[in-house]
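>>> No letters, just coordinates:
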C-alpha cells in the first residue's frame, strides 16, 4: 500500500465512504492482478498530489468480497468514485496517469 492511500475492508467500507467530506476513489484490486500493481504507484502519486481534494482507498477483493459484489465489480482494477457516500463514476481497467487525471478531473 502507498503512504497516501487508505485501506478499506468490508467492515470499514460504509463508515469510511459515508463520513468522507471529499470524493473517495476506491480501487478494487487483488494481489494476483498485474494491471492492479501497475496502477498502484500512479494512484499513490495522485493521492499525494490531490490530498485534501480527494481520498484514494484500496479494497482487496479477495479479502473483502462483499463490497466488490455489492458494486458489481466484475473485473479489476476497477475504480469507483464515491461522492456523498454514493457511487458516481466507475472506471474499469488500468490507465496511465494522464488519462486517469482527465477522467477524474470533475472531482479535482
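Cool, the structure landed. Being a predicted model, the structure only gives us computed values, none of them experimental. Numbering: from 1, shown residues only.
>>> Can you tell me the SS state at the nearest residue to residue 66 once chain neighbours are set aside?
Leaving aside its chain neighbours, residue 66 sits nearest to residue 10 (4.2 Å; criterion: CB to CB, 6 or more residues apart in numbering). Using the backbone N, CA and C atoms, a C-beta is placed for each residue, glycine as well. Using DSSP: H, G, I helix; E, B strand; the rest coil, the structure places residue 10 in coil.
>>> going forward can the numbers begin at 526, since that is how I track them
Yes, from this point I'll number from 526; that puts the last item at residue 535.
>>> How many residues are close by residue 535?
Applying other CB atoms under 10 Å, we find 15 other residues in the vicinity of residue 535.
>>> who touches the most centrally placed residue in the chain in this structure?
For the chain, the residue nearest the mean C-alpha position is residue 551 (2.1 Å; CA atoms, centre = their mean). Listed by CB atoms under 8 Å, 6 or more residues apart in numbering, the contact partners of residue 551 are 533, 542, 582-584, 592, 604-607.
>>> what do you get if the cut-off is 7 Å, keeping everything else the same?
Going by CB atoms under 7 Å, 6 or more residues apart in numbering, residue 551 touches 533, 582, 584, 604-605, 607.
>>> could you point out where this protein is predicted with low confidence?
Low-confidence segments of the chain (pLDDT under 70): 526-527.
>>> ok, 90 please
Across the chain, residues meeting the criterion (pLDDT under 90) sit at 526-529, 633.
>>> quick one, helices of it?
538-544, 559-574, 590-595, 622-629 (DSSP state H).
>>> so can I have a markdown table of those helices showing mean neighbour count and distance to residue 611?
Listed next are these as a markdown table, based on neighbours: other CB atoms under 10 Å; distance: least, CB to CB, whole Å:
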| stretch | mean neighbour count | distance to residue 611 |
| --- | --- | --- |
| helix 538-544 | 15 | 9 |
| helix 559-574 | 17 | 21 |
| helix 590-595 | 15 | 12 |
| helix 622-629 | 14 | 16 |
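>>> Understood, closing this out.
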